[in-house]
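K.L.:
Predicted model and sequence follow; I will ask about them next.
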Amino acid sequence: MGILLWIVFGALAGWIASIVMKTNYSQGTLTDIVLGVVGAIVGGFLMGMVGQAGVTGFNLYSLIVAVIGAIVVIYIGRVIRKGR
């Protein structure tokens, strides 16, 4: 059951980040899930760099960290695509 909750958490975080970055219509649910999970990892790393806790469980703080990380991932993807 835990892995299913993490997938839902990742999908929610990725979906929110895609809305913020206005990429919601160009990506699907699977991309949202991947962005949310990768965003949680990136967000946790970034928060650790500034001395804060990363993703701590299924709570609002962790969702915000994952969304911030997913926004960073989307932004980096845009920069890489522009450079081609």
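P.N.:
Perfect, thanks for sending it.

K.L.:
where exactly do the helices run in this protein?
P.N.:
2-20, 29-49, 60-83 (DSSP state H).

K.L.:
what's the most buried one of those helices?
P.N.:
helix 29-49 (a mean of 19; mean count of other C-beta atoms under 10 Å). Using the backbone N, CA and C atoms, a C-beta is placed for each residue, glycine as well.

K.L.:
Now tell me what touches that helix from outside.
P.N.:
With C-beta atoms under 8 Å, 6 or more residues apart in numbering as the test, helix 29-49 has contacts from 6-7, 9-15, 17-18, 27, 53-55, 62, 65-74.

K.L.:
at 7 Å what do you get?
P.N.:
7, 9-15, 17-18, 53-55, 65-70, 72-74 (C-beta atoms under 7 Å, 6 or more residues apart in numbering).

K.L.:
Please apply the same query to stretch 7-19.
P.N.:
Stretch 7-19 is contacted from outside by 24, 27, 29, 32-37, 39-40, 58, 63, 66-67, 70-71, 74, using C-beta under 7 Å, 6+ apart.

K.L.:
Now residue 40. Nearest residue, chain neighbours left out?
P.N.:
Nearest residue to residue 40, sequence neighbours excluded (C-beta to C-beta, 6 or more residues apart in numbering): residue 66, at 3.9 Å.

K.L.:
That neighbour against residue 55, yeah?
P.N.:
Yes: counting by C-beta atoms under 7 Å, residue 66 does reach residue 55; the two are 6.2 Å apart.

K.L.:
Adding mean pLDDT as columns, could you present the helices of the chain in TSV?
P.N.:
Compiled in TSV, those are given as follows (pLDDT from 0 to 100):
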stretch	mean pLDDT
helix 2-20	84
helix 29-49	83
helix 60-83	86
